[in-house]
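1. Sequence and predicted structure are below.
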Amino acid sequence: MSGNALSANALSANALSANALSANALSANALSREAALTLKDPGEGGELFRTLVKYMVSCALDESQRFSFSWTDAAGRTHDEVYRGELGLADAWGRGPLDPGGKQIVSACLAARTNRYGVSVVISMRSHQAPLRHEVGREEREAYPHVEGAFWGDLFAETPYLRACYTGASVELSRAVLRDCAAGHVDEDGDLEACGMIEIVGDCQAHCSKLHPPGQYYKDCVDPESGKTRYVVTTGLR
């Protein structure tokens with residue numbers, strides 16, 4: 001189970017610029033000069049990037065790993081930050097560059113944890129990829145029986161992208177609990193709006209493999225541009 005309150009603004013084109021996001025080892029000493037400067041920026045850009053990095057650390061590293069750094073705000077006060085790992089989807093990133101699979105599963109995790117309204121909603125995150133494949137047990141699946149949809153993408157690509165699809169039966173529930181990044185937000189004119197840079201491709205039934213019965217997740221999905229991917233995160237709701 002995981003809380004999600006990553007603002008769509010933190011996944012904006014500015015926060016994900018080539019100067020700010022790097023697949024170098026996820027440690028303060030291994031960051032590019034541009035990333036290090038952005039991380040310590042006392043302005044809004046720095047705040048968004050620090051939020052993004054905090055969620056990246058949580059997705060990629062495990063509970064034994066952490067990411068530490070200090071920055072100084074506009075008033076001259078020093079802030080010592082310690083971001084702790086949680087899910088361990090790409091824990092090798094703490095020791096060296098992120099590999100292609102790691103880039104995709106971390107991207108999918110970030111997309112799944114994004115909330116259009118910046119509010120926290122506890123979700124169940126499931127995947128064919130370890131360790132989520134092993135850690136989501138029957139008790140959690142029963143507590144979160146409604147499969148919301150699936151997320152995938154690559155934020156480290158030359159042109160970063162994120163996709164989502166929805167499970168038709170859960171669309172109304174998703175919107176009722178303020179989870180619009182898979183189902184999409186319907187505006188006053190009845191038009192469907194995406195969730196920041198997350199492109200909603202439609203019903204998962206048309207884009208993904210059949211729901212894996214024991215784990216209640218989609219093993220793979222087909223991206224409209226990059227093709228089939230196994231690096232997919234499925235979300236469940238109460």
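-> Arrived safely, thanks for sending. Residues are numbered from 1 along each chain as shown.
2. Buried residues of whichever strand or helix holds V82, list them for me.
-> According to DSSP states H and E, V82 maps onto strand 78-84. Across strand 78-84, burial judged by 16 or more other Cβ atoms under 10 Å covers 81, 83. Heads up, the C-betas are built off the backbone N, CA and C, glycines and all.
3. Does anything pack onto the helix or strand following it? Which helices or strands?
-> Using DSSP H and E, the next helix or strand after strand 78-84 towards the C-terminus is helix 100-112. The elements that helix 100-112 packs onto, with contact taken as 3 or more Cβ pairs under 8 Å, 6 or more residues apart in numbering; DSSP states H and E, are helix 44-60, strand 121-126, strand 146-154, strand 161-166, strand 233-237.
4. contacts for helix 100-112?
-> With Cβ atoms under 8 Å, 6 or more residues apart in numbering as the test, helix 100-112 has contacts from 4, 6, 11, 23, 52, 55-56, 59-60, 87, 89-90, 92-93, 98, 123, 125, 127, 129, 151-157, 162-164, 181, 198, 229, 231-233, 235.
5. pLDDT (mean, whole number) over it?
-> What helix 100-112 shows for mean pLDDT is 95.
6. Which strands and helices lie in contact with the next helix or strand after that helix?
-> Remark: after helix 100-112, the chain's next helix or strand is strand 114-115, criterion DSSP H and E. Here strand 114-115 touches strand 6-7, going by 3+ Cβ pairs under 8 Å, 6+ apart.
7. Buried ones from the contacts of helix 100-112, can you make that a PyMOL selection?
-> A single PyMOL command selects the buried members of the contacts of helix 100-112 (16+ other Cβ under 10 Å):
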select buried, resi 4+6+11+23+52+55+56+59+60+87+89+90+93+98+123+125+127+129+151+152+153+154+155+156+162+163+164+181+198+229+231+232+233+235
